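>>> Let's see this in three dimensions:
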Amino acid sequence: MTKTFLQAAVEIAKQAGAILREELERPPDIAYKGDFDLVTQADRRSEEWIVRRLQEFFPEHAIAAEEGTAKDRASEYRWHVDPLDGTTNFAHGYPCFCVSMALAPTMNWFLESSTIPCMTSCSQRNAAKAPI
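As a prediction, this is how the structure comes out:
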């Protein structure tokens with residue numbers, strides 16, 4: 001079954017959120033990618049899952065991903081992924097974080113999906129009222 005952009009984004013974000021909830025139960029594996037910028041195993045696992053699933057649904061799309069698994073290619077569409085938005089909260093065991101994904105054609109943002117795993121909520125917006 002073919003999914004719309006929004007259906008795929010929501011499904012993938014929720015699945016990545018499940019990974020983050022699982023990782024929250026484990027001791028954090030924290031590294032630094034700058035003086036103050038944390039990255040955890042949860043960031044990496046979530047991003048790997050998101051990128052793999054986006055490639056399955058939309059193999060021709062480019063992907064900009066925060067932790068380095070980006071797939072840069074000439075494409076009409078580019079996904080922007082933050083697999084764990086709120087890494088510092090996560091690393092301290094504070095369950096206020098989310099999975100953020102957005103889709104933009106060329107340079108115009110038009111779709112966003114985020115999920116807050118510990119609150120089981122998911123928001124979605126279609127900024128340009130584009131067919132999704």
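>>> use CA for all of it now, contacts and neighbours both
Will do.
>>> immediately after the top helix by length along the chain, which helix or strand?
In the chain, assigned by DSSP state H, the helix with the most residues is helix 5-24. Once the chain leaves helix 5-24, the next helix or strand it forms, by DSSP states H and E, is strand 30-32.
>>> Now the element after that following strand, going C-ward?
With DSSP H and E, the next secondary element past strand 30-32 is strand 38-40.
>>> now the next helix or strand after that following strand, how far from the chain's geometric center?
The first helix or strand that comes after strand 38-40 along the chain, using DSSP H and E, is helix 41-57. Taking Cα atoms, centre = their mean, to the nearest Å, one finds helix 41-57 lying 8 Å from the centre of the chain it belongs to.
>>> do the same with stretch 44-58
8 Å.
>>> If you count neighbours, what's buried in that stretch?
44-51, 53-54 (16 or more other Cα atoms under 10 Å).
>>> Out of the residues you listed, flag the one nearest to Ala9.
Closest approach between the buried residues of stretch 44-58 and Ala9, by Cα to Cα: Leu54, at 8.1 Å.
>>> mind checking how far that closest one is from Gly68?
15 Å (Cα to Cα, to the nearest Å).
>>> Kindly report the same for Phe90.
19 Å.
>>> Show the contacting residues for Phe57.
Residues near Phe57 by Cα atoms under 8 Å, 6 or more residues apart in numbering: 3, 8.
>>> coming back round to it: compare Phe90 and Gly68 (neighbour count), which wins?
Using other Cα atoms under 10 Å, the more surrounded residue of Phe90 and Gly68 is Phe90, with 22 against 10.
>>> Need the pLDDT of the nearest residue to the more buried one once chain neighbours are set aside.
Spatial nearest neighbour of Phe90, chain neighbours left out: Phe97 (6.5 Å); criterion: Cα to Cα, 6 or more residues apart in numbering. For Phe97, the pLDDT comes out at 91.
>>> residues in contact with the residue located most distally from the centre of the chain?
Largest separation from the mean C-alpha position in the chain: Asp35, at 23.2 Å (Cα atoms, centre = their mean). Listed by Cα under 8 Å, 6+ apart, Asp35 has no contact partners.
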